[in-house]
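Chemist: have a look at this prediction, sequence included:
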Amino acid sequence: MGGGPAKEHLLIALPLPEPTSLLASLRAQHPHLEIAYHQSTRDPSNPPPPTLFAKTTILVTFATLPPNPSTDAPNLTWLHLFSAGSNHIQSHPLYTSTDITITTSSGVHGPTIAEWAVLTRLVESRKYNHLLAQQRSHAWQTHDPALANVRDQVGATLGVLGYGSIGRQVARVASALGMRVLAYTASAKDSPASRRDGGFVVPGTGDVEGVVPEGWFSGLGREDLHSFLGRGIDWLVVCVPLTEATRGFLGEEEFRVLREGLVERERERERAGFGFGVQVEEGSSTTRKPFVTNIARGPIIDQRALIAALKDGTLQGAALDVTDPEPLPADSELWDLENVVVTPHISGNGVAYEDRAFQVLGVNLERREKGERLINVVKRERGY
C-alpha cells in the first residue's frame, strides 16, 4: 500500500533536561524515526512506568530499563547506553536473558579523562602541592631542597593497562611529552589491522592506527601480566574494564613486580653509562618508583595492597578517580596519604559529554540504516 518504510520508535530516557536542539538534529537526519524523550530519575524507588517501553524498538539510556524485557519491551532490538561501559546493567535480565544488541558510548571520555590523568601525574612529578603551599604562605624560595629531584617525563615509560579509547589518548599526550609507551590488551594485537581503534574516536585525538606504543603485550594470565609490569614502567595507567578476569588484577605481587622492573631498568641504564644520575642501590629511597593511576574501576586493584605499597615505598604515589568501595569511606587512609590524589569518579565530567554521546548514537543510526556493522557493540561473553 506504499507509505514508505515503517517508522521505528526510539526512546531516549536520561536523567537530564530534554536536549531539544540535539533531538531536532536527530529528527532531521533520521525522518523515519519516531523519537520520544523521557526525563528519567536517578531514584531507584521511582521507576518508569512499564508502558513507557511498549512501542520502543531502540532505547537510549544510562540505566532506565524495562523491568521485564519480553513483556514490557517486546519490540526492542537495540539498547544504546549513554555510558562508556555496561557493567552497571550486567545483572539485568535484558543483559542476561536476551540477545538484544547493546552498544555503549565508549570513546567519548578519551580527551577529558586523559587530561585528568596527565594533570594528576604532573601535579605529583612537578611537586605542585608543595609550590601551592609556598604561594599561599607568600614564600619565594628559589633554591628549595624539596624541588631538587624534580624530573621531566622525557625518556620515562608509560604502561597503559587496557589500550582502549582512553588509554590511547593518554598515550598520545604522554608521547608528546617525550615518554615511551607500552600497551597491554586482553587479546593479542599482532598485526596493524588488529591494532586499529574500531570504536568511536573524537576527531584529532587518540591513536587510531595503534602506532604510538613501541611494545605490545597481551593475555589475562598472571605470567602475561607480570611480563608487562616488569618492563620498567614509571607510570602505570589502569584502563581495563571490570570483569571477573580483571577483578583484583593488581595486588601486592603485581606492585612488587612493577617496582622491581623499574629498579632493574635503572640498573641497566647505570651499567650502560647513561642513567638518570641516581645511584641505584637495593632498598634505596632515592631510586625511581612507579606511579599508578586508576581511571577504570576500583575493584580492579586490591585496595589494601595498594595502601600498603604506597606507605612502604614500593610505589611513588597514586592518582585515583575510582575506589573500592564508592563512595570512599571518610575513614579511609587514602584520603590523608600525601602521595595520593583522590577524586570522586569525576575524571570524565565535561560539557562535551552529552554532545559526543549523541554523536556515537548518530554514527550507529546511520550504520544501521545502511545495514553496516555497529560500533561499540558489547560482547556479553567478555563483559564489554
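Modeler: Yep, that arrived. Residues are numbered from 1 along each chain as shown.
Chemist: do you know how far the closest residue to Glu244 other than its chain neighbours is from Pro241?
Modeler: Once flanking residues are discounted, Glu244 sits nearest to Gly383: 7.3 Å by CB to CB, 6 or more residues apart in numbering. In this view, the C-beta of every residue, glycine as well, is placed from N, C-alpha and C. Separation of Gly383 from Pro241 (CB to CB, to the nearest Å) stands at 7 Å.
Chemist: of these two, give the one with the bigger neighbour count.
Modeler: Pro241 (20 against 17; other CB atoms under 10 Å).
Chemist: phi, psi of the more buried one?
Modeler: phi -70, psi 160 (degrees, to the nearest 10).
Chemist: and Leu334, by the same measure?
Modeler: Dihedral pair for Leu334: phi -60, psi -30, per degrees, to the nearest 10.
Chemist: mind listing what the residue nearest to Glu244 touches?
Modeler: Contact analysis of Gly383 by CB atoms under 8 Å, 6 or more residues apart in numbering lists 86-87, 90, 241-245.
Chemist: okay, helices next: where are they in the stretch 251-384 of the chain?
Modeler: Taking DSSP state H, counting those that start in this stretch, the helices of the stretch 251-384 of the chain run over residues 252-272, 303-312, 353-370.
Chemist: the first one: which residues count as buried?
Modeler: By neighbour count with 16 or more other CB atoms under 10 Å, helix 252-272 contains the buried residues 254-263, 265-267, 269.
Chemist: any idea of the angle the helix-or-strand element of the chain with minimal mean pLDDT forms with helix 303-312?
Modeler: Using mean pLDDT, DSSP states H and E, the weakest-scoring helix or strand in the chain turns out to be helix 252-272, at a mean of 92. Orientation check (axes from the mean of the first three to the mean of the last three CA atoms, to 10 degrees): helix 252-272 against helix 303-312 gives 40 degrees.
Chemist: hey, where'd the strands end up in this structure?
Modeler: 8-14, 33-39, 58-61, 78-81, 101-103, 157-161, 180-185, 215-218, 235-238, 291-294, 317-320, 340-342 (DSSP state E).
Chemist: quick check: neighbours of the second one in the sheet, parallel or antiparallel?
Modeler: In the sheet containing strand 33-39, its partner strands are strand 8-14 (parallel), by DSSP bridges.
Chemist: where's the strand it pairs with relative to the chain centroid, distance-wise?
Modeler: On the basis of CA atoms, centre = their mean, to the nearest Å, strand 8-14 is displaced by 27 Å from the centre of the chain it belongs to.
Chemist: ditto for stretch 123-136
Modeler: Distance, centroid of stretch 123-136 to centroid of chain: 27 Å (CA atoms, centre = their mean).
Chemist: name the residues of it that are buried.
Modeler: For stretch 123-136, burial by neighbour count (16+ other CB under 10 Å) applies to 123-125, 127, 131, 134.
Chemist: now do stretch 98-116
Modeler: 98, 101-114, 116.
Chemist: repeat that for stretch 374-384.
Modeler: 374-376, 378, 383-384.
Chemist: ends of it, what's the gap?
Modeler: Using CA to CA, to the nearest Å, one end of stretch 374-384 lies 14 Å from the other.
Chemist: residues in contact with stretch 7-19?
Modeler: 23, 32-42, 48, 52-53, 55-62, 64, 75, 82, 354, 358.
Chemist: quick one: Ala319 and Val341 touch, right?
Modeler: Yes. If you go by CB atoms under 8 Å, Ala319 and Val341 touch, sitting 4.3 Å apart.
Chemist: any shared contact partners between those two?
Modeler: Shared contacts of Ala319 and Val341, defined by CB under 8 Å, 6+ apart, are found at 120, 124.
Chemist: of the two, give the one with the bigger neighbour count.
Modeler: Between Ala319 and Val341, counted using other CB under 10 Å, the more crowded position is Ala319 (25 against 19).
Chemist: just grab the bridge partners of that one for me.
Modeler: For Ala319, the beta-bridge partners are Thr293, Val341 (DSSP bridges).
Chemist: list the residues that contact it.
Modeler: Neighbouring residues of Ala319 by CB under 8 Å, 6+ apart: 117, 120-121, 124, 291-294, 340-341.
Chemist: now these as TSV including distance to Phe228 and pLDDT?
Modeler: Shown next, in TSV, are the contacts of Ala319 (distance: CB to CB, whole Å; pLDDT from 0 to 100):
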residue	distance to Phe228	pLDDT
Ala117	18	98
Thr120	22	98
Arg121	19	98
Glu124	22	94
Phe291	16	98
Val292	14	98
Thr293	16	98
Asn294	16	98
Val340	23	97
Val341	24	97
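Chemist: nearest to Val173 among these?
Modeler: Ala117 (8.3 Å; CB to CB).
Chemist: what about the closest residue to Thr61 other than its chain neighbours, distance to Glu366?
Modeler: Nearest-residue entry for Thr61: Ala13, 4.4 Å, with adjacent residues in sequence omitted and distances by CB to CB, 6+ apart. Distance, Ala13 to Glu366, using CB to CB: 22 Å.
Chemist: those two - which one has more neighbours?
Modeler: Higher neighbour count among Ala13 and Glu366: Ala13, with 22 against 12, using other CB under 10 Å.
Chemist: for the residue nearest to Thr61, give the beta-bridge partners.
Modeler: Counting by DSSP bridges, the residues bridging with Ala13 are His38, Thr61.
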